[in-house]
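**Q** just the structure for this:
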Amino acid sequence: MGNLSTFVKRIRDIMRNDAGINGDAQRIEQIAWMLFLKVYDAKEQDWEFDDDEYTSVIPEECRWRNWAVADSSGQSMTGDTLLNFVNNTLFPTLKNLTVTPDMPIKKSIVKTTFEDANNYMKDGVLLRQVINIIDELDLSDTQEVHAFGEIYESILRELQSAGSSGEFYTPRAVTEFMAEMIKPEIGERMADFACGTGGFITSWLKALAPQVHTTEDQRAYDHSIYGIEKKQFPYMLCITNMLLHGMDVPQIYHDNSLMKDVLDYTEKDKFDVILMNPPYGGSEKADVKSHFPSDLASSETADLFMSVIMYRLKKTGRAAVILPDGFLFGTDNAKIAIKKKLLKEFNLHTVIRLPGSVFAPYTSITTNILFFSADKPTEETWFYRLDMPEGYKHFSKTKPMKSEHFDPVREWWNDRRELTVDGFSKSKKYTVAQLTEELGYNLDQCGFPHEEEEILDPMDLMQRYQEERASLNAEIDRVLEEITAKLGGVSQ
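**A** Numbering: from 1, shown residues only. Purely as a prediction, here's the structure:
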């Protein structure tokens, strides 16, 4: 379909004329549920072909092929009839589907996907025009599905500019680099406990795909992913993303990873690989802390996810996690306790400091990738600062980070050595004793030299101020305790 490239633009132009659509977020949510039904219908055709006994979980009149597609004489529902059907039959039916515990996930996802979905369009004629464009997609053509996968990526990217509170699209260059460095193997299972629209999962699948040679490999590949997403809308986008990537049984759950006691996790809840970018800066309900041992109960979402990751990584497992600078330099009690656990029970072998604008324009907080494994305690940690590529002042929406920008790290990775640039360490190795005894668990090493004062977004500024204040308070308390102890008194 030659007009794939104009797919989003054509839909946007129609929706602009509809009084019910207010802004990008609603427009994309509107496209999302229609796309889901179109993609799901294509999947059902495959399932019916493979299994004569297959029955749809969606009642006949609500299946895409029976209401969205024109009949043999070219007639299709439109105007008020269509609007009335979508609002009063389609949505109530899909929201209230009966789901039983033994129902296969490929069927139960329909109800979960529609739980909080909305039809915002108010003009049935315009709605019909949008449906027609979506129905033009030929999802039986592998090439077209692949091309559409790319377009879906761009839809997800656009959507993220409507995001807030530390939720943002992790650039593909970053997720692919992390998946590549973790070296996936057939038979392993990977998890992302805040999977958003599925970026890490698709990067994992892409890195694993070349190893699929037999039907057994294929089965292992199909069952190699696990995702949890708390918010309804990214969940819907993620499921559609998985179906587009040929996952017939997308093990993606609509749930909150922080709402289970970490001490209750057993061996079967653990994974070989964890790849994720935990939400940070967000605040969770007060009762969330009760699911964590008291010393690890932080009020910062990223810290809590870090604990979940440590409790859910197999003894032979590996993880790559994006964390903000606040985690590295933070010296409040919970952060220190989490870092103690990390260095004592895991091998934190590499920390990659990312340039400040990787997540522009969504946040200006500087982030890092922590690579660690669960097979032994940390003996030494390498820090490597990835500088801005030549010719870039900063990354932006129009000039995002690209895969080749990671080439300097790739070169260094297998042949590690300490590097100094302009008197500042760019790469350096620290022993665990240096990090703990000398530096007091401050992992903020090989940072960016600040030649100019960066101007942060007010919310990011507040966030950094709060983190630095908490660190300072903890530092003062520690020094006071030491002085009191030396004076022979008892600290309060």
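**Q** run a quick neighbour tally on residue 185.
**A** By other CB atoms under 10 Å, the residues close to residue 185 number 12. All C-beta spots, glycine's among them, are computed from the backbone N, C-alpha and C.
**Q** and the nearest residue to it once chain neighbours are set aside, how far from residue 55?
**A** Take residue 185 and drop its neighbours on the chain: the residue closest to it by CB to CB, 6 or more residues apart in numbering is residue 211, 7.1 Å away. Counting by CB to CB, to the nearest Å, the separation of residue 211 from residue 55 is 35 Å.
**Q** neighbour count winner among these two?
**A** residue 211 (13 against 10).
**Q** pretty sure the more buried one contacts residue 188?
**A** No - using CB atoms under 8 Å, residue 211 is not in contact with residue 188; the gap is 10.2 Å.
**Q** that older thread, residues in contact with the residue nearest to residue 185?
**A** Listed by CB atoms under 8 Å, 6 or more residues apart in numbering, the contact set of residue 211 reads 184, 185, 186, 217, 221.
**Q** out of these, which comes closest to residue 49?
**A** Relative to residue 49, the closest of the contacts of residue 211 is residue 221; by CB to CB it sits at 20.8 Å.
**Q** so the closest one sits against residue 186, correct?
**A** Yes - using CB under 8 Å, residue 221 is in contact with residue 186, at 6.7 Å.
**Q** between those two, what contacts are shared?
**A** Common contact partners of residue 221 and residue 186 (CB under 8 Å, 6+ apart): 208, 211, 212.
**Q** now these as JSON lines including distance to residue 249 and secondary structure?
**A** Output for the shared contacts of residue 221 and residue 186, formatted as JSON lines (distance: CB to CB, whole Å; DSSP: H, G, I helix; E, B strand; the rest coil):
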{"residue": "208", "distance to residue 249": "16", "secondary structure": "helix"}
{"residue": "211", "distance to residue 249": "19", "secondary structure": "helix"}
{"residue": "212", "distance to residue 249": "16", "secondary structure": "coil"}
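**Q** on that earlier part again, which of the contacts of residue 211 tops the neighbour count?
**A** residue 184 (24 neighbours).
**Q** find the nearest non-adjacent residue to it, please.
**A** Here the residue nearest residue 184, using CB to CB, 6+ apart, is residue 208, at 4.3 Å.
**Q** likewise for residue 117?
**A** Per CB to CB, 6+ apart, closest to residue 117 is residue 33, 4.5 Å.
**Q** and for residue 244?
**A** Counting by CB to CB, 6+ apart, the residue nearest residue 244 is residue 149, at 5.2 Å.
**Q** got it, and residue 272?
**A** Using CB to CB, 6+ apart, the closest residue to residue 272 is residue 188 (3.8 Å).
**Q** likewise residue 145?
**A** Using CB to CB, 6+ apart, the closest residue to residue 145 is residue 139 (5.6 Å).
**Q** assign a three-state SS to the one you found, would you?
**A** Put simply, residue 139 is coil when judged by DSSP: H, G, I helix; E, B strand; the rest coil.
**Q** the residue nearest to residue 117 against residue 236, yeah?
**A** Yes - counting by CB under 8 Å, residue 236 is a contact partner of residue 33 at 6.8 Å.
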